[in-house]
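A.B. asks: for reference, the sequence and a predicted model appear below.
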Amino acid sequence: MPYEPLKYIHIASYIIWLLSFFGSVYFFFKIRSATSDGKPQLMRKERLISSMGGHLGFLGIFLSGGAMVSIKSGPKWGWFNFTDFAWLAWKQVFFFVALVIIGALVMPGSAKIKRLVANNGSLDEIEQLWTKTFFFSLLVYVIVFINTLLGLEKPF
């Protein structure tokens, strides 16, 4: 596949991930103003929006980014080329950190929230777990936003 379509898939994947951030924030405000009865379902929906956007965004970024540095056409960015493309190396490091946060904290928290809501767990337990998981998702969104800026600006 030529470089340009891969670049646009890469950009679109970041946009999808950032749109899921706005969806999460939207549900955050709905959850804060909801009654106790409606909160668990809204929390589950927020986790679903965040997960869908995150999975689509991550897969698109991972696959298109890997393909872009591996193909013969287009810029020769290389893998973790700190000396020539420090901005790209930092993007890759941040992406790896986000991956670790997602795998170790966000996905297990989201799965547990889904189970608790399905099994009518206590609202306090669901809300406490959701708050923690939402915080880690926000951290990932900040990393994705920083990565977006690094890709757009190529500052160093």
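C.D. replies: Nice, thanks for sending it over. Numbering: from 1, shown residues only.

A.B. asks: ok, the residue nearest the centre of the chain to residue 124 distance?
C.D. replies: For the chain, the residue nearest the mean C-alpha position is residue 54 (4.0 Å; Cα atoms, centre = their mean). Residue 54 sits 26 Å away from residue 124, going by Cβ to Cβ, to the nearest Å. All C-beta atoms are positioned from the backbone trio N, CA, C, and that covers glycine.

A.B. asks: which parts of the protein are helices?
C.D. replies: 3-33, 39-70, 86-101, 107-118, 123-153 (DSSP state H).

A.B. asks: for the longest one, buried residues please.
C.D. replies: For helix 39-70, burial by neighbour count (16 or more other Cβ atoms under 10 Å) applies to 39-40, 42-44, 46-51, 53-54, 56-58, 60-61, 64-65, 67-69.

A.B. asks: pretty sure the residue nearest to the centre of the chain sits against residue 21.
C.D. replies: No: look at residue 54 against residue 21 with Cβ atoms under 8 Å: they stay out of range, at 9.3 Å.

A.B. asks: coming back round to it: any chance of the helices of the chain in JSON lines, with distance to residue 77 and mean pLDDT too?
C.D. replies: Formatted as JSON lines, the helices of the chain follow (distance: least, Cβ to Cβ, whole Å; pLDDT from 0 to 100):
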{"stretch": "helix 3-33", "distance to residue 77": "10", "mean pLDDT": "94"}
{"stretch": "helix 39-70", "distance to residue 77": "5", "mean pLDDT": "93"}
{"stretch": "helix 86-101", "distance to residue 77": "5", "mean pLDDT": "91"}
{"stretch": "helix 107-118", "distance to residue 77": "29", "mean pLDDT": "95"}
{"stretch": "helix 123-153", "distance to residue 77": "11", "mean pLDDT": "94"}
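
A.B. asks: now for these, which one comes closest to residue 78?
C.D. replies: Each of the helices of the chain has some distance to residue 78 by Cβ to Cβ; the shortest is helix 39-70, at 6.2 Å.

A.B. asks: now the angle from the closest one to helix 107-118?
C.D. replies: For helix 39-70 against helix 107-118, the angle by axes from the mean of the first three to the mean of the last three Cα atoms, to 10 degrees is 150 degrees.

A.B. asks: gap between helix 39-70 and the chain center?
C.D. replies: Centroid separation for helix 39-70 versus its chain: 5 Å, with Cα atoms, centre = their mean, to the nearest Å.
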